[in-house]
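Enquirer: 3D model of this:
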Amino acid sequence: MTPKQQNGVFQALSSRVAVLMLASLMAIAPQQTPAQNAERREIIHYQKNIRINRNNHEELAREFLRFRPDTISLQEIASSDKVLLDLLKDTYPSQHYCHVKHLSGIAALSRWPMVEGTQTCFGGWGIAGFQVEMPEGRVWVLSAHIEVFLDGLRPDIVRALIPQLEDLEGSVILGGDFNSEPFFTSTVALAKAARVRRIGRSVPTFELFDRIGISIDHVMATGGEGVIMQRPKLTSDHFGVVSRFSMHFL
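Expert: As a prediction, the model looks like this:
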């Protein structure tokens, strides 16, 4: 074989190898569908226990609207605080309020359309919620107030909620006052039951004796990844938290 023929064979083999390598890379590369791309949209959730609000409803409403979150979770809503839900109704028409056993009210809100008939109070054990239709698909929006230390340790609250959370089908956004740090058994058990992941690092949301910061308010989501930011108390005894994240839509 002449040098010219050898060069021609080498070029042909090189081209074939390049084509095969490209085909292999395409085969193993994850194929991005439109739905998967849509999952990367940033979702915003605002979590707030509004206890001791002192009728500061207009300022609270402005605080929420400043971030225009997709979803909001509220706890310790007294009868006089229901005006806040009215102030937010135009921007957040999807709302569901529940009363918690031995406590005050909780509510979940969203700017996305509610799936009618999905509203639930979880038997009054500390979670309120419903499904909404987001552009990416249906999502459960849940607000939790888990008072596991009411009248002593209350494992019955967690036991009552776990099977109900396990029965939920689809993606979940869960925000709330869990009255426990993220590593506590009750928080871990409820997150596992709902198949959600806590968003971001721990930030102080409550101050014991007005000086020791603890993280007891959390935002969680199905496959959630993102950040969480502390917001002012605004006359409450809890700091608010805003979470920005991506999640999985099932």
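Enquirer: break the protein into its domains for me.
Expert: Domain assignment for the chain, taken from automatic domain parsing, gives 1-31, 37-246.
Enquirer: could I get those domains as a markdown table with mean neighbour count and mean pLDDT?
Expert: (Glycine included, C-beta is placed from N, CA and C.) Shown next, in a markdown table, are those (neighbours: other CB atoms under 10 Å; pLDDT from 0 to 100):
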| stretch | mean neighbour count | mean pLDDT |
| --- | --- | --- |
| domain 1-31 | 9 | 45 |
| domain 37-246 | 18 | 95 |
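Enquirer: which parts of this protein are helices?
Expert: In the chain, helices defined by DSSP state H lie at 3-28, 34-38, 57-67, 82-87, 155-166, 185-194, listed in chain order.
Enquirer: and the gap between the residue nearest the centre of the chain and Leu103?
Expert: Residue closest to the average C-alpha location in the chain (CA atoms, centre = their mean): Ile173, at 3.3 Å. Distance of Ile173 to Leu103, given as CB to CB, to the nearest Å: 22 Å.
Enquirer: quick check: closest non-adjacent residue to Met99.
Expert: Just to correct that, residue 99 is His rather than Met. Nearest residue to His99, sequence neighbours excluded (CB to CB, 6 or more residues apart in numbering): Gly105, at 5.4 Å.
Enquirer: what about the one you found, distance to Ile77?
Expert: 4 Å.
Enquirer: cool, Leu234 as well?
Expert: Applying CB to CB, the value for Leu234 to Ile77 is 14 Å.
Enquirer: likewise Ala191?
Expert: Separation of Ala191 from Ile77 (CB to CB): 24 Å.
Enquirer: then Ile216?
Expert: Counting by CB to CB, the gap from Ile216 to Ile77 is 18 Å.
Enquirer: coming back round to it: contacting residues for the nearest residue to the residue nearest to the centre of the chain once chain neighbours are set aside?
Expert: The shortest distance from Ile173 to any non-neighbouring residue, by CB to CB, 6+ apart, is to Ala221 (4.9 Å). Contact analysis of Ala221 by CB atoms under 8 Å, 6 or more residues apart in numbering lists Ile43, His45, Ser171, Val172, Ile173, Leu174, Val196, Arg197, Ile199, Phe245, Met247.
Enquirer: please repeat the previous calculation with a cut-off of 10 Å.
Expert: 43, 45, 71, 139-140, 171-175, 194, 196-199, 243, 245-248 (CB atoms under 10 Å, 6 or more residues apart in numbering).
Enquirer: beta partners of it?
Expert: Taking DSSP bridges as the rule, Ala221 bridges to Ile173, Arg197.
Enquirer: kindly provide the distance from the closest residue to Leu84 other than its chain neighbours to Thr205.
Expert: Using CB to CB, 6+ apart and skipping the chain neighbours, the partner closest in space to Leu84 is His57 (4.5 Å). Applying CB to CB, the value for His57 to Thr205 is 21 Å.
Enquirer: any idea how far the residue nearest to Glu166 when sequence neighbours are not counted lies from Asp81?
Expert: When the adjacent residues along the chain are set aside, Glu166 lies closest to Ala193, with 5.0 Å between them (CB to CB, 6+ apart). As judged by CB to CB, Ala193 and Asp81 stand 29 Å apart.
Enquirer: do Leu174 as well
Expert: 22 Å.
Enquirer: with Ser236 instead?
Expert: 10 Å.
Enquirer: mind listing the shared neighbours of the two?
Expert: Ile50, Arg51, Asn53, Asn56, Leu60.
Enquirer: which ones among those residues lie within strands?
Expert: Among the shared contacts of Ser236 and Asp81, DSSP state E puts none in strands.
Enquirer: including distance to Leu150, could the residues you listed go into JSON lines?
Expert: Listed next are these as JSON lines, based on distance: CB to CB, whole Å:
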{"residue": "Ile50", "distance to Leu150": "19"}
{"residue": "Arg51", "distance to Leu150": "14"}
{"residue": "Asn53", "distance to Leu150": "21"}
{"residue": "Asn56", "distance to Leu150": "26"}
{"residue": "Leu60", "distance to Leu150": "25"}
